[in-house]
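Colleague: Pasting the sequence and the predicted coordinates here, then a few questions.
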Amino acid sequence: AGVITDAIAVDADLSVTKGVLAGSYTVVAKVTTGIPVITVKANTVEAAAVPDAGMPAVVDVDPGQPGPAARIIGRSTKPATGRPGLTEARVVVAGGRGVDGDFGPVEELADALGGAVGASRAATDPGWIEHSAQIGQAGKTVSPQLYISAGISGAIQQKAGMQTAQVIVAVNKDADSPVFEIADFGVVGDLFKVLPQAAEEIRKRKG
């Protein structure tokens, strides 16, 4: 079967629109042989029930000859954080060099919003947070409805991992930081003052 991942739109003829090169370009692709297998990029569509749809039809498919057998060579347990997965989250709060090793305000705001915690490479390389939280060219690509950048300069490597977010909010004390060029909303200020105030206000409004 042909597989196309991270679709942002699917036409009736199963032509798929998707982003490539970290969202820098949009292409249309189509499976030409076998049964199309298409996965949809997280947060690009709203799931909706179809009234009176009934039960879906079940079709048996012969997969043909199996490929080489896979072997499990190890297992590791991911610690539970109570937060959504980074690539599926509707809200992502990311910290960078500006957090100076303290992700407390970032995590507090993420928890207030029910979001995930991300980071730039400048924060993962020193070991301030695990590498699995890294967003960018050498990390994960996210496409949340809301992306909050805290203490991140907004270099091209980081931009590549989050530029498809629907709304980008930047918090940085450097008014000339490149991140403000792509942000929908910007706050010039100290993240250690701005983020706790935002978290407190959100909790207050949520009651």
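Modeller: Sure thing, it's come through.
Colleague: ok, and Ala165, which helix or strand is that part of?
Modeller: Assigned by DSSP states H and E, Ala165 falls within no helix or strand.
Colleague: Quick check: it touching Pro144?
Modeller: Yes: with contact defined as Cβ atoms under 8 Å, Ala165 counts as touching Pro144 (5.3 Å). From N, CA and C alone the C-beta is placed, and that goes for glycine too.
Colleague: Can you pull the residues that touch both of those two?
Modeller: Val92 (Cβ atoms under 8 Å, 6 or more residues apart in numbering).
Colleague: So the two - more neighbours on which side?
Modeller: Set side by side, Ala165 and Pro144 show more neighbours around Pro144, with 27 against 23, by other Cβ atoms under 10 Å.
Colleague: can you tell me the helix or strand for the more buried one?
Modeller: Applying DSSP H and E, one finds Pro144 in no helix or strand.
Colleague: Could you do the one 3 residues further on as well?
Modeller: When secondary structure is defined using DSSP H and E, the element that contains Tyr147 is strand 146-150.
Colleague: got any ranges where the protein has weak pLDDT?
Modeller: Applying pLDDT under 70 to the chain picks out residues 22-23, 63-67, 78-79.
Colleague: ok, longest helix in it?
Modeller: helix 191-206 (DSSP state H).
Colleague: Just the C-alpha atoms of that one, please, in CSV.
Modeller: Output in CSV follows, covering the C-alpha atoms of helix 191-206 (Å, rounded to 0.1, in the frame of the first residue of the first chain):
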residue,chain,number,x,y,z
LEU,A,191,9.1,35.7,30.9
PHE,A,192,9.5,35.1,34.7
LYS,A,193,7.1,37.9,35.3
VAL,A,194,4.8,37.6,32.2
LEU,A,195,4.2,33.8,32.2
PRO,A,196,3.1,33.5,35.9
GLN,A,197,0.8,36.5,35.5
ALA,A,198,-0.8,34.9,32.4
ALA,A,199,-1.2,31.6,34.2
GLU,A,200,-2.8,33.3,37.2
GLU,A,201,-5.3,35.2,35.0
ILE,A,202,-6.2,32.0,33.0
ARG,A,203,-6.9,30.1,36.2
LYS,A,204,-9.0,32.9,37.4
ARG,A,205,-11.1,33.0,34.3
LYS,A,206,-11.5,29.3,34.3
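Colleague: Work out which residue lies at the spatial centre of the chain.
Modeller: Val142 (2.2 Å; Cα atoms, centre = their mean).
Colleague: thought that one was touching Ile135?
Modeller: Yes: under the criterion of Cβ under 8 Å, Val142 makes contact with Ile135 at 5.7 Å.
Colleague: what do those two both touch?
Modeller: Leu86, Val92, Gly118, Gly161, Met162.
Colleague: by contact count, what packs against the helix or strand the third one falls within?
Modeller: Okay, so that is Gly118. Following DSSP H and E, one finds Gly118 within strand 116-119. Strand 116-119 sits against strand 91-95, helix 104-113, with contacts defined as 3 or more Cβ pairs under 8 Å, 6 or more residues apart in numbering; DSSP states H and E.
Colleague: Much appreciated, bye for now.
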